[in-house]
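Colleague: Sharing a sequence plus its predicted fold:
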Amino acid sequence: MGESVYISKGFEGCLEVRTPEEFSKYTQNILNYKNTDPRSRMLSRQIFANSELMEIDKAGRIRISAEQIKIAGLNKDVYVIGVVDHWEIWDREKYDQYEKNTDANFETAAAELGKDY
């Protein structure tokens with residue numbers, strides 16, 4: 001992973017963790033949105049105001065700030081989930097509920113999103 005990572009506010013209530021290189025790519029994608037659209041400005045503010053560069057210690061651990069713990073509602077037990085170009089950190093109960101609520105739509109979403117391929 002290197003010596004540091006960016007931790008950002010994610011979607012559906014999680015935190016997202018990216019290497020500096022992946023965070024740079026993510027930033028470029030967001031900057032490509034139209035700045036004249038208020039949704040683009042809101043998205044930029046929400047993500048970048050809630051992103052922090054954190055050092056990885058010699059044991060491979062990262063510190064999560066109190067503010068980010070509050071944003072994600074992290075309690076005692078968490079899941080760390082790999083998602084292609086980043087990790088997500090979820091409160092265990094929140095993720096279990098998310099999975100329960102979305103499980104029935106999993107195959108339908110795959111079929112609909114796959115139509116373009």
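Modeller: Cool, got the structure. All values derive from a computational prediction rather than experimental measurement.
Colleague: List phi and psi for the most centrally placed residue in the chain.
Modeller: Closest to where the C-alpha atoms of the chain average out (Cα atoms, centre = their mean) is Glu16, at 2.6 Å. Dihedral angles of Glu16 (phi, psi; degrees, to the nearest 10) stand at phi -120, psi 140.
Colleague: Who are the contact partners of the closest residue to it other than its chain neighbours?
Modeller: Excluding the flanking residues, the one nearest Glu16 by Cβ to Cβ, 6 or more residues apart in numbering is Gly10, at 3.9 Å. (C-beta placed from N, C-alpha, C; glycine too.) Contacts for Gly10 (Cβ atoms under 8 Å, 6 or more residues apart in numbering) come out as Glu16, Ala72, Glu88.
Colleague: Going by distance to Gln46, which of these wins?
Modeller: Gln46 lies nearest to Glu16 out of these, by Cβ to Cβ, at 12.0 Å.
Colleague: Contact partners for the closest one?
Modeller: Here Glu16 is in contact with Ile7, Ser8, Lys9, Gly10, His86, Trp87, Glu88, Ile89 (Cβ under 8 Å, 6+ apart).
Colleague: Gly82 now?
Modeller: Counting by Cβ under 8 Å, 6+ apart, Gly82 has no contacts.
Colleague: and if you look at Leu74?
Modeller: Contacts of Leu74 by Cβ under 8 Å, 6+ apart are Leu15, Ile64, Gln68, Ile89, Asp91.
Colleague: okay, now the third one: neighbour count?
Modeller: Burial of Gln68 is recorded as 19 neighbouring residues (other Cβ atoms under 10 Å).
Colleague: Is it within a helix or a strand, and which one?
Modeller: Assigned by DSSP states H and E, Gln68 belongs to helix 66-72.
Colleague: residue ranges with poor pLDDT in this protein?
Modeller: 1, 116-117 (pLDDT under 70).
Colleague: repeat that with 90
Modeller: 1-2, 31-35, 101-117 (pLDDT under 90).
Colleague: Excluding chain neighbours, give the residue nearest to Thr27 in space.
Modeller: Phe48 (7.9 Å).
Colleague: That neighbour and Ile30, how far apart?
Modeller: 8 Å (Cβ to Cβ, to the nearest Å).
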